[in-house]
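Asker: Give me a 3D structure for the following:
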Amino acid sequence: MPRTDTPARRRAGRAPDGAVDLEDLRRVAFGAAYRMLGSVTEAEDVAQEAMLRVAPVGMVDPVVVNPAAYTTTVATRIALDVLRSARVRRESYVGEWVPEPLVGDVVAAGSAGREAAAHAELADDLSTAFLVLLETLTPAERAAFLLHDVFGYPHRESAQVIGTTELAARQLASRARRRVAARQDAATDVRPVRSGSPDPHAEELVRRFIAATEEGDVDALVELLADDVALTGDSGGNVPAGLAVSRPVSGNVAVARLLSGFARRGAPARIEATVVNGSPGMIAYADDSVGGGVIGTYALQFSGGRIARIDGVINPEKLQHLAPLADLEAVAAEIRAAGRRRRDAQAPDGPPSP
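Answerer: Numbers count the residues shown, from 1 in each chain. Here you go, the predicted model:
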């Protein structure tokens, strides 16, 4: 494990009196596992297992110079095993894959070897766009890249976690870095807004976007969206017909028409601004008339003063940590009923007699 003997790293994971703060270490374990897995539920399981291994050792002050780094090592090793075992399942995932969303203040997820004043920088590491890029890497590449480029591990120590040689770890990280950089270059000037530095302009954009979406105002939406905006929806094949976005949609007019269509179709839902994976985003709730609950979350990226990317998660299996969830069948049924009422009202002879 990393044992770089600097004051900041010696203090990591310890309270001012030198005692180990196990709750801080649990957050560190979750943060490392979530970056590896992109799954809240799996990261929570990893963090719990990691703490069972960390607590007995971490409580002995002389044994672990840097409890946070030790915790990151343990959590990453467990998460790597989980990721390897889940690879086939991930490769056969139905539709587009988007990470399970972290909603609200995610800065507390922590990171080994970083001081509290620098925690705002974690938003880029947690952004939906970054995690989507990491999903294109092999499990070993992902671990090598995160350990070296994000957590600051020397390649020698990364190799011990991954179970390979120092040279192989260096090559894995280098290959991953090139692949991530190439995909980031393809999304020129699309950057998340860091949660540590709120952007009032971005927050105002979100408010206007929500209003235009709920009003079904295509023209207003087009003005707020970048010309080449892309919208991706992750339903995992678990969403009723009519609610899922089966394939990515691009272009401001196409995306505006898609979004406005939900309001025109009478979707019984409301949208609220929130923080998703460290950046301004949205969360959709079903109306009380159909039982309420969370429908989905939407992470946003911005470019040139407009919304350049929207990543939605509506797969109930990825939203269980945000329960209670909406009854999507009830939501879809109400949309169908609203459609019938519109058609009846537009019929030449009016609605049928009761």
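
Asker: Surely residue 270 is within a strand?
Answerer: Yes: counting by DSSP: H, G, I helix; E, B strand; the rest coil, residue 270 is found in a strand.

Asker: Would you check how far apart it and residue 216 are?
Answerer: 14 Å (Cβ to Cβ, to the nearest Å). The C-beta positions use only the backbone N, C-alpha and C, and glycine is treated the same way.

Asker: who has more neighbours, those two?
Answerer: Set side by side, residue 270 and residue 216 show more neighbours around residue 216, with 19 against 15, by other Cβ atoms under 10 Å.

Asker: after the worst-scoring helix or strand of the chain on mean pLDDT, next one along is what?
Answerer: Ranked by mean pLDDT, DSSP states H and E, the weakest helix or strand in the chain is helix 7-11, scoring a mean of 36. Helices and strands here follow DSSP states H and E; after helix 7-11, the next one along the chain is helix 22-37.

Asker: Mind listing what's buried along that next one?
Answerer: Neighbour-count burial for helix 22-37, counted by 16 or more other Cβ atoms under 10 Å, picks out 22, 24-37.

Asker: what's the very next helix or strand once past it in contact with?
Answerer: Later in the chain than helix 22-37, the nearest helix or strand by DSSP H and E is helix 40-58. For helix 40-58, contacts defined as Cβ atoms under 8 Å, 6 or more residues apart in numbering pick out 13, 20, 22, 25-26, 29-30, 33-34, 36-37, 63-64, 67, 70-71, 74-75, 78-79, 82, 86, 100-102, 320-321.

Asker: What residues of helix 40-58 count as buried?
Answerer: 40, 42-47, 49-51, 53-54, 58.

Asker: How far away from the center of its chain is the very next helix or strand once past it?
Answerer: For helix 40-58, the following helix or strand on the C-terminal side (DSSP H and E) is helix 67-85. Taking the mean of its C-alpha atoms, helix 67-85 sits 19 Å from the chain's own mean (Cα atoms, centre = their mean, to the nearest Å).

Asker: Mind listing residues that contact stretch 258-269?
Answerer: Under the criterion Cβ under 8 Å, 6+ apart, residues 212-218, 221, 231, 242, 245, 249, 284-287, 289-290, 295, 326, 331, 334-335, 338-339, 341-342 lie in contact with stretch 258-269.

Asker: Oops, could you answer that again for stretch 74-81 instead?
Answerer: Contacts of stretch 74-81 (Cβ under 8 Å, 6+ apart): 28-30, 32-33, 36-37, 42-43, 46-47, 49-50, 53-54, 139-140, 143, 146-147, 161-162.

Asker: Next, residue 99: secondary structure please.
Answerer: coil.

Asker: tell me the contacts of it?
Answerer: 38, 39, 128, 131, 132, 135, 277, 313.

Asker: Neighbours of the fourth one, how many?
Answerer: When counting by other Cβ under 10 Å, one arrives at 24 neighbours for residue 131.

Asker: Give me the local confidence score for it.
Answerer: In this model, residue 131 is scored at 92, pLDDT.

Asker: tell me the contacts of residue 131?
Answerer: By Cβ under 8 Å, 6+ apart, residue 131 lies in contact with 35, 38, 99, 277.

Asker: swap the cut-off to 10 Å and go again
Answerer: Counting by Cβ atoms under 10 Å, 6 or more residues apart in numbering, residue 131 touches 34-39, 97-100, 102, 125, 277, 299, 311.

Asker: hang on, it in a helix?
Answerer: Yes: under three-state DSSP, residue 131 falls within a helix.

Asker: residue ranges for the helices of this structure, please.
Answerer: Ranges of helices within the chain are 7-11, 22-37, 40-58, 67-85, 87-91, 122-126, 128-134, 139-145, 155-162, 166-186, 200-215, 218-224, 252-264, 328-346, based on DSSP state H.
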